[in-house]
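Participant: Pasting the sequence and the predicted coordinates here, then a few questions.
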Amino acid sequence: MKKSSILFITLWTLIFLGVLCAHSSRMARQHILFAKSIELRNVLYDTASSAIILFKDVFSNKELSDAYPKIDSLNDLWANHPFLFDKIKIGQAQASFRYQYVDNISGEKEYRYGFIDEDRKLNLNNINYSDLILLLKNVAKMQEPAALKLAANIIDWRDRDDIIYNDNYGNSEIQAYSQAGYNYLPKNNLYESLEEIILVKGMNPEIFFRIRDYITVYGSGRLNINTVSRAVLQVKVIDFNLVEKILAYRAGGDMKEGTFDDRLFSNIGMMVNDISKEYDLTEKEKNILNDLISSNCFSVSSAAFSLYSTSYLANQKRRGRIRCVLDKKGRIYHWSAIY
Ligand SMILES: [Ca+2]
Ligand SMILES: [Ca+2]
């Protein structure tokens, strides 16, 4: 009897100890995971700080060493420089400012290391109705009637009035949103983030994913002719041959973007002259360009830049990503982290 009760107590003690052990090892694991997520969060913050310092350095060096410091182009250091922007040491961790670039001449995709300028994209806060329709038709592959409606809705979101844009009957935005089952109204103010466009009536994730690389809410509101992408140029210029000539002029003899022989547009007023040195422009093409130049839609520099960074903790698979939009002075307009 005595023996069996000792056995009983021993068994229970063992079970208790076992449970205790399992519990504390689980606790310990949770502690380690928690510490690592704090570590990752710290690394992401440190990555953002390093990015801003590196970025400001690149531009202060550009002021000193670049023959055209006021011009931002695809062969600048900020656009692609693996030595500066890949495998950046941040304490025990490592970060990479990598993004996928599509060459506008060959259509080939490649990874580049650095920043993407926002002034190569159409600005949601000043894009006009006809450009929006073209963007939705060309890039989002929408049919004309649907593109017309959505373009109007995108403008209605930011315009101050409550009347549907370009509507013959002067129908109300408020009525349209409530009839479609939305429990909110158009903002009637400027877009502050890119994702805000998802709230617009008729917008869906599929359309958004197709156009998101070509639209922005940051930057000067003018298109940097040295960096603007083919799809955006096609919306703005329309004439296919003229788009080809602008891109070919920019890419230089090797017909590749972001290389040493790229040609810069240094003065918007000289664009027609510059292109004419390499390619014959028809009278129609010259008129198109001159109209665009006088509407003041182009510039030769960029005012905002995006960073996509992936950080890896040392010797681990854990990683986090940040997106950051900043200007040359290091002012941050947007910051988000994905753990
Ligand atoms: Ca409105
Ligand atoms: Ca080139």
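Facilitator: Arrived safely. Quantities reported herein were computed from a predicted structural model and do not represent experimental measurements. Ligands and ions are numbered 1, 2, ... in the order given.
Participant: who's in contact with stretch 278-291?
Facilitator: Val237, Ile238, Asp239, Asn241, Leu242, Lys245, Ala248, Tyr249, Arg263, Met271, Val272, Ile275 (CB atoms under 8 Å, 6 or more residues apart in numbering). In short, each C-beta sits where N, CA and C put it, glycine included.
Participant: For the nearest residue to Pro82 once chain neighbours are set aside, grab phi and psi.
Facilitator: Among residues not flanking Pro82 along the chain, Tyr113 sits closest, at 4.5 Å (CB to CB, 6 or more residues apart in numbering). When read as degrees, to the nearest 10, the backbone of Tyr113 gives phi -120, psi 110.
Participant: repeat for Ser311
Facilitator: phi -110, psi 140.
Participant: got the contact list for it?
Facilitator: Here Ser311 is in contact with 40, 43-44, 47, 90, 93-96, 319-322 (criterion: CB under 8 Å, 6+ apart).
Participant: picking up where we left off before, and the contacts of stretch 278-291, which is closest to Asp76?
Facilitator: Arg263 (13.7 Å; CB to CB).
Participant: Now for the protein, the helix or strand with the poorest mean pLDDT.
Facilitator: helix 2-65 (a mean of 72; mean pLDDT, DSSP states H and E).
Participant: Show me which residues of the stretch 101-250 of the chain sit near ligand 1.
Facilitator: Asp156, Asp159, Pro186, Asn188 (CB under 5 Å from the ion).
Participant: Only the buried members of those: can you turn that into a PyMOL selection?
Facilitator: Selection of buried members from those for PyMOL, criterion 16 or more other CB atoms under 10 Å:
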select buried, resi 156+159+186
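Participant: Arrange the residues of the stretch 101-250 of the chain next to ligand 1 in JSON lines, one row each, with pLDDT as further columns.
Facilitator: As requested, these are exported to JSON lines (pLDDT from 0 to 100):
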{"residue": "Asp156", "pLDDT": "98"}
{"residue": "Asp159", "pLDDT": "97"}
{"residue": "Pro186", "pLDDT": "97"}
{"residue": "Asn188", "pLDDT": "98"}
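Participant: helix or strand right after the least confident helix or strand of the chain?
Facilitator: The C-terminal neighbour of helix 2-65 among helices and strands, as given by DSSP states H and E, is helix 82-85.
Participant: And that next one, what's buried?
Facilitator: In helix 82-85, counting by 16+ other CB under 10 Å, buried: Leu84, Phe85.
Participant: For it, enumerate the helices and strands it packs against.
Facilitator: helix 2-65, strand 109-113 (3 or more CB pairs under 8 Å, 6 or more residues apart in numbering; DSSP states H and E).
Participant: Which parts of the stretch 101-250 of the chain are strands?
Facilitator: 109-113, 116-117, 122-123, 215-216, 223-224 (DSSP state E, counting those that start in this stretch).
Participant: is it possible to export these to TSV including mean pLDDT and distance to ligand 2?
Facilitator: Below are the strands of the stretch 101-250 of the chain laid out as TSV (pLDDT from 0 to 100; distance: least, CB to the ion, whole Å):
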stretch	mean pLDDT	distance to ligand 2
strand 109-113	96	14
strand 116-117	97	17
strand 122-123	98	24
strand 215-216	98	25
strand 223-224	98	17
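Participant: mind putting those strands in CSV, mean neighbour count included?
Facilitator: Output for the strands of the stretch 101-250 of the chain, formatted as CSV (neighbours: other CB atoms under 10 Å):
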stretch, mean neighbour count
strand 109-113, 14
strand 116-117, 24
strand 122-123, 23
strand 215-216, 22
strand 223-224, 24
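Participant: can you redo those as TSV with distance to Gly330?
Facilitator: Output for these, formatted as TSV (distance: least, CB to CB, whole Å):
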stretch	distance to Gly330
strand 109-113	19
strand 116-117	15
strand 122-123	22
strand 215-216	19
strand 223-224	20
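Participant: separation between the closest residue to Asn125 other than its chain neighbours and Ile127?
Facilitator: With sequence-adjacent residues excluded and distances taken as CB to CB, 6+ apart, Asn125 is closest to Leu190, at 4.8 Å. Using CB to CB, to the nearest Å, we find Leu190 at a distance of 12 Å from Ile127.
Participant: in the stretch 201-339 of the chain, what residue is nearest ligand 1?
Facilitator: Lys201 (11.1 Å; CB to the ion).
Participant: how close does Gly258 get to Ser302?
Facilitator: 14 Å.
Participant: more crowded one of those two?
Facilitator: Ser302 (28 against 18; other CB atoms under 10 Å).
Participant: which stretch of helix or strand covers the more buried one?
Facilitator: Here Ser302 is assigned to no helix or strand, by DSSP H and E.
Participant: Name all residues that make contact with it.
Facilitator: Counting by CB under 8 Å, 6+ apart, Ser302 has contacts Asp72, Asp117, Glu118, Asp119, Arg120, Gly219, Ser220, Asn224, Thr227.
Participant: burial of the closest residue to the fifth one other than its chain neighbours, as a residue count?
Facilitator: The one in question is Arg120. Nearest non-adjacent residue to Arg120, counting by CB to CB, 6+ apart: Thr227, 4.1 Å away. Look at Thr227: counted by other CB under 10 Å, it has 25 neighbours.
Participant: what residues are up against Thr227?
Facilitator: Here Thr227 is in contact with Asp72, Ser73, Leu74, Ala79, Asp117, Asp119, Arg120, Ser302 (CB under 8 Å, 6+ apart).
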